[in-house]
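Undergrad: one predicted model, sequence on top.
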Amino acid sequence: MKDVELRLVSELIKNSRRSSHELAKAIGVSQPTVSRLLKKLEDKGAVKEYTILPDFRKLGYNLMALTFFKLKPLEPKDSQRVHEQTEQLLREQSFGIVMYEKGMGLGYDLLAVSFHEDYSSFIKMKQKAFDFSFLELTGSDSFLIDLNDKVHFRPFSLMAVALDLLNMAKQKRPTTEKSPPT
C-alpha cells in the first residue's frame, strides 16, 4: 500500500466520522484525492466498514473472553459445509461473539472473542458452542478479562494499529520528504 493510503487508513481508524475535507487536511492532499483514494481502498477491500468502537462496559458487558477450541480433524470436503453451518448459526444467534476464526497455536483450531454481561452468560456461550455437533469440538480453554478491573495495560482499541500504519508509511517514505502532521 502506498504511503498516502496508509496515512489515510490511519486517520480513518482514528476517527472515521471526519469529512473528506478534514481527512485531506490531516494527510496533506486535496479533497478530491481523498475521495478517489477512499473509493480505491473500498473497491480493493482494504476499507471494509466505517464503524464506532463503543465502551463495552457502558453497554452492559463486564467480561471479554478469548476462548480457544479444539476441533476433531476435518476432511477437506467437509470444511466448506462446516464453515457455512457455523456462519448461519452465528447470524441467527451471536452469543456475544464478535470474532470467530480458524487458526493454529497452543494446540487449538478456533478462536472466539466474545463479550458477556456476566460469568453465567459466558458459560452459556461455551455450552452452546459444544451443542454445535457439526463442529465436533473436543476441548476448549478461555482467558477472561474483567472489563471493570481498575488496571488496564492497553484496553481494546484500534489506535495502536493506526500508529503502526503511520510508522509503516514513514519507513516507506524517502528520507527527504517531510511527514504531514497527525
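TA: Arrived safely, thanks for sending. Numbers count the residues shown, from 1 in each chain.
Undergrad: may I see the buried residues of the helix or strand of the chain with the lowest mean pLDDT?
TA: Ranked by mean pLDDT, DSSP states H and E, the helix or strand of the chain with the weakest confidence is helix 76-92, at a mean of 81. Along helix 76-92, these residues count as buried under the neighbour rule (16 or more other CB atoms under 10 Å): 82, 86, 89. Any C-beta I mention is one placed from the backbone N, CA and C, and that applies to glycine too.
Undergrad: ok, those residues vs K25, which is closest?
TA: Nearest to K25 among the buried residues of helix 76-92 is T86, at 43.7 Å by CB to CB.
Undergrad: now do the buried residues in stretch 127-146.
TA: For stretch 127-146, by 16+ other CB under 10 Å, it's 129, 135, 137, 142.
Undergrad: contacting residues around the third one?
TA: Read it as L137. 69-72, 110, 129-130 (CB atoms under 8 Å, 6 or more residues apart in numbering).
Undergrad: so it bridges to which residues?
TA: L137 forms beta bridges with L71, as assigned by DSSP bridges.
Undergrad: and it, how far is that from F130?
TA: To F130, L137 is 5 Å away according to CB to CB, to the nearest Å.
Undergrad: could you do the last one as well?
TA: In this view, S142 and F130 are 13 Å apart by CB to CB.
Undergrad: likewise K25?
TA: Computed as CB to CB, the K25 to F130 distance reads 52 Å.
Undergrad: next one: Q85
TA: Q85 sits 15 Å away from F130, going by CB to CB.
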